[in-house]
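Visitor: Structure of the sequence below:
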Amino acid sequence: MKRIFFTLGIITVVFCTSAFAGIKPCEELKAEIDAKLKEKGVNSYTLEILPADQVKEQKIIGSCEGGSKKISFTRN
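Guide: Purely as a prediction, here's the structure:
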């Protein structure tokens, strides 16, 4: 009986953690990054959402929509 409860507990934890690791929309992540940069006093920058296959030499600071897009950071 203990083994059944233990197994059910493990299964519950696995399903709960996968629900929290959902795919984040790019605009939401970009807004979060923007707020953190402003909070740290970073000025004069550009954040840009790019398709993952178009990333060349940009500085990437985030990944969104399941890794299909990246957020690049450029100082102005």
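
Visitor: Okay, strands next: where are they in this protein?
Guide: Taking DSSP state E to define them, one finds strands in the chain at 45-51, 59-64, 69-75.

Visitor: can you redo those as JSON lines with distance to residue 34?
Guide: Every C-beta, even on glycine, is put in place using the N, C-alpha and C of the backbone. JSON lines is the format used below for these (distance: least, C-beta to C-beta, whole Å):
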{"stretch": "strand 45-51", "distance to residue 34": "6"}
{"stretch": "strand 59-64", "distance to residue 34": "11"}
{"stretch": "strand 69-75", "distance to residue 34": "10"}
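
Visitor: Which of the helices and strands in the chain ranks last by mean pLDDT?
Guide: helix 2-20 (a mean of 54; mean pLDDT, DSSP states H and E).

Visitor: Need the per-residue pLDDT for residue 71.
Guide: Here, the pLDDT recorded for residue 71 equals 96.

Visitor: Enumerate every residue touching it.
Guide: Contacts of residue 71 were listed using C-beta atoms under 8 Å, 6 or more residues apart in numbering, and they are 26, 29-30, 33, 47-50, 60-64.

Visitor: ok, it to residue 56 distance?
Guide: 15 Å (C-beta to C-beta, to the nearest Å).

Visitor: same thing with residue 38?
Guide: Applying C-beta to C-beta to residue 38 and residue 56 gives a distance of 27 Å.

Visitor: Settle it for me: which of these two has more neighbours?
Guide: For residue 38 versus residue 56, neighbours defined as other C-beta atoms under 10 Å are more numerous around residue 38 (11 against 6).

Visitor: How about the contacts made by that one?
Guide: Residue 38 touches nothing, counting by C-beta under 8 Å, 6+ apart.

Visitor: Just the pLDDT at it, thanks.
Guide: 94.

Visitor: Start the count at 57 instead of 1 going forward.
Guide: Sounds good: first residue 57 from here, last item residue 94.

Visitor: Deepest in the core, which of the strands of the chain is it.
Guide: strand 125-131 (a mean of 17; mean count of other C-beta atoms under 10 Å).

Visitor: relative orientation of that strand and strand 115-120 in degrees?
Guide: With axes from the mean of the first three to the mean of the last three C-alpha atoms, to 10 degrees defining the directions, strand 125-131 sits at 150 degrees from strand 115-120.
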